[in-house]
Structures are given as structure tokens and as C-alpha cells.
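**Student:** The following comprises the amino acid sequence and a computationally predicted model.
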Amino acid sequence: MSGPDAPKDYADQAVRPFVITGGRVRASRNTIGVDTLLMTAPDPPPLPRAAPREQHALLRICARLHPLVEAAAQLQLPVSVVAIVACDLVDSGHLHARSPIPEAERPSLTMLQELLDGLRKL
């Protein structure tokens, strides 16, 4: 949608998402979700000259630890597209992906409350 009737906050992109992903609709890894944390690998190999600008932008964003969903928001791309781009960069050694701590491994609220109460008694 473009033209005088288009909403002011709508930004039509010249490149469609399927072009960015090479027509793929699924990521190469099933471990990358919206809450996956991404960070640029230390001393990554240089990106190929033909690397899309989205890969360059994602590497810049992930110089600091970022969740996938936040990177997608900054890139103004669908999360599914950024997941595919991120998987490509993980596969090539440019990004590290870390899943958050599973719910089963997190401390319970009861234990945390007991710890807090114990610290307050000190």
C-alpha cells in the first residue's frame, strides 16, 4: 500500500520477505525462537560481498546481546524472516544463539522468596 491514502506509520519495503530468505519459510534450526538471545561471534569471518544488507544490519544490532524478537523490531522485519537470517549467520559462524533458561530449570518463586527473607534477616 502506497500513495496519498497510505497510513503515515506504514513503510512499504521494496524487497519482499521471501526475497530476503531466498524463498525459504523455515529456519535451518528449530532451536531459534522469539526469545532466543543473539550475539555476534568473537572475531567472526568477514561476510561475503554478496551478503544481503539484512545480515549486515543484524550483525550490527547483535554486537550486544539481543533477543530475536527485539532485533526483528529494530530491523522492521517479520520475526520469521529474521529467524531465517539469524540461522544463516549462526550456521556461518557469524552469530551465537543462546536459548533462555528453560522454565523447569528456573528457581521457584517460593525459593526466591525464602532467599530474600533470609537476606533481609542478615
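**Tutor:** That came through fine. All figures in this text were calculated on a predicted structure; none of them were measured in a lab. Residues are numbered from 1 along each chain as shown.
**Student:** Tell me which stretches of the chain form helices.
**Tutor:** Ranges of helices within the chain are 17-20, 53-61, 68-75, 79-91, 109-121, based on DSSP state H.
**Student:** and those helices, which is most packed in?
**Tutor:** helix 79-91 (a mean of 22; mean count of other C-beta atoms under 10 Å). No exception for glycine: its C-beta is placed from N, CA and C like everyone else's.
**Student:** I'd like the helices of the chain as JSON lines, with mean pLDDT and distance to M39 appended.
**Tutor:** Conversion of the helices of the chain to JSON lines gives the following (pLDDT from 0 to 100; distance: least, C-beta to C-beta, whole Å):
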{"stretch": "helix 17-20", "mean pLDDT": "59", "distance to M39": "21"}
{"stretch": "helix 53-61", "mean pLDDT": "89", "distance to M39": "10"}
{"stretch": "helix 68-75", "mean pLDDT": "91", "distance to M39": "11"}
{"stretch": "helix 79-91", "mean pLDDT": "87", "distance to M39": "11"}
{"stretch": "helix 109-121", "mean pLDDT": "90", "distance to M39": "27"}
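**Student:** any chance of the ones you listed in JSON lines, with distance to A41 too?
**Tutor:** Formatted as JSON lines, those follow (distance: least, C-beta to C-beta, whole Å):
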{"stretch": "helix 17-20", "distance to A41": "21"}
{"stretch": "helix 53-61", "distance to A41": "9"}
{"stretch": "helix 68-75", "distance to A41": "15"}
{"stretch": "helix 79-91", "distance to A41": "9"}
{"stretch": "helix 109-121", "distance to A41": "33"}
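**Student:** Quick one: closest of those helices to D43.
**Tutor:** helix 53-61 (12.7 Å; C-beta to C-beta).
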